[in-house]
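1. based on what follows, work out the 3D shape:
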Amino acid sequence: MGVDLESLSEATSGAIGSLLSTTILYPLDTCKTKYQAEVKAHGQQKYRNLSDVFWEAISTGQVASLYQGLGTKNLQSFMSQFVYFYGYSYFKRLYLEKSGSKSIGTKANLIIAATAGACTAILTQPLDTASSRMQTSAFGKSKGLLKTLSEGTWNDAFDGLGISLLLTSNPAIQYTVFDQLKRRLLKGEQKGSSPLALSAFMAFALGALSKSIATVITYPAIRCKVMIQAADSTDDGTTKTQPRSRKTLAGVIYAIWKREGPLGFFKGLHAQILKTVLSSALLLMIKEKISAATWVLILATRRYLLLSRGRLKSA
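-> Got it, this is the predicted structure:
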């Protein structure tokens, strides 16, 4: 079976968009993750606001530490988005071919998106866990990818996998809303073999709206996952292993409920929305703008390889 060029184009443009958006917004992501990971203890908390994390980095001369774990995060982001967009596009095309339908309904779209998300979560979970530990380590104390993963067992590298699988509903909701709105805006037939694309502004707006809806619905699970994966730092800045009860979903739920009450499950929601909405909107905007160029490049490469093969056979 030949390579699915349209799926490859979607995956490549999505991965590049993710890489750029992750790098641009990484300091905000670090502040957001450290803020989410903290649980109030004895009525005290180190970070009262998201900005407290940022000012700590400035006051301690550790501004560069806002980028700790960037390489791991970019690797995880690139791989996850490539796998997700390829799987999502491929499963969508396969469904249309098998069903004979001209469009995909909301229910089928959700199932396809969730399937692609599950594949992505399983393949990239160790990188996701490592990046969270590196971000939540004390400023200036973060370790490299291999050292971070080697500190625990192989099972520890998959901390939060259950919640990650549950959170496949997040991109499923996001991309379903995005695709449905995009379809309504881009009515009409495609011109030639090139896929239709949204304008940068409309891609940004639809990306922000779709991600906001998905984030509000799934946020309690998002915070629990961050706490499970987070590094637990001592007062001197060194990292210690969290008790296993703190690294289970039941343990995290109990800790939040006991120390912060029901509203604790939504601590940092505004930060999550700010970061993820901007990230997803930038990702989708970049993806939409480069998808046409990526499609042309892939077709040109394919044509070049076919011509080269033809010359070799005739020689």
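
2. pLDDT below threshold where in the protein?
-> 1-7, 41-43, 188-197, 232-246, 292, 295, 310, 312-315 (pLDDT under 70).

3. centroid residue for it?
-> The centre of the chain sits closest to S77, judged by Cα atoms, centre = their mean, with a distance of 6.0 Å.

4. scan this protein for its longest helix.
-> helix 269-314 (DSSP state H).

5. can you list contacts of the strand or helix carrying Q180?
-> Here Q180, judged by DSSP states H and E, is contained in helix 169-185. Applying Cβ atoms under 8 Å, 6 or more residues apart in numbering, the external contacts of helix 169-185 come out as 84, 88, 103-104, 106, 109-110, 113-114, 117, 198, 202, 206-207, 209-211, 213-215, 217-218, 222, 280, 284. C-beta here means a position set from N, CA and C on the backbone, and glycine is covered the same way.

6. now do stretch 124-142
-> Here stretch 124-142 makes contact (Cβ under 8 Å, 6+ apart) with 29-30, 33-34, 37, 56-57, 60, 62, 65, 68-69, 72-73, 75-76, 79-80, 83, 121, 143, 145, 148-149, 156-161, 164, 226, 229-231, 233, 237-239.

7. distance between that stretch and the chain's centre?
-> The chain centre lies 15 Å from the centre of stretch 124-142; the measure is Cα atoms, centre = their mean, to the nearest Å.

8. buried residues in that stretch?
-> Residues 124-139, 141-142 are the ones in stretch 124-142 that count as buried (16 or more other Cβ atoms under 10 Å).

9. if we can go back for a sec, what are the buried residues along the helix or strand just after the helix holding Q180?
-> The helix or strand immediately downstream of helix 169-185 is helix 200-229, counting by DSSP H and E. Neighbour-count burial for helix 200-229 flags 202-215, 218-229 (criterion: 16+ other Cβ under 10 Å).

10. now the closest residue to M134 other than its chain neighbours: how far from Q36?
-> Closest residue in space to M134, ignoring its immediate chain neighbours: G69 at 3.1 Å, by Cβ to Cβ, 6 or more residues apart in numbering. As judged by Cβ to Cβ, to the nearest Å, G69 and Q36 stand 15 Å apart.

11. now do C119
-> According to Cβ to Cβ, C119 and Q36 sit 26 Å apart.

12. between these two, which one's more packed in?
-> A count of neighbours by other Cβ atoms under 10 Å puts Q36 above the other of C119 and Q36, at 25 against 18.

13. what helix or strand is that one located in?
-> Element membership for Q36 (DSSP H and E) is helix 26-37.

14. next, the angle helix 200-229 makes with that helix.
-> Between the axes of helix 26-37 and helix 200-229, defined by axes from the mean of the first three to the mean of the last three Cα atoms, to 10 degrees, the angle is 40 degrees.
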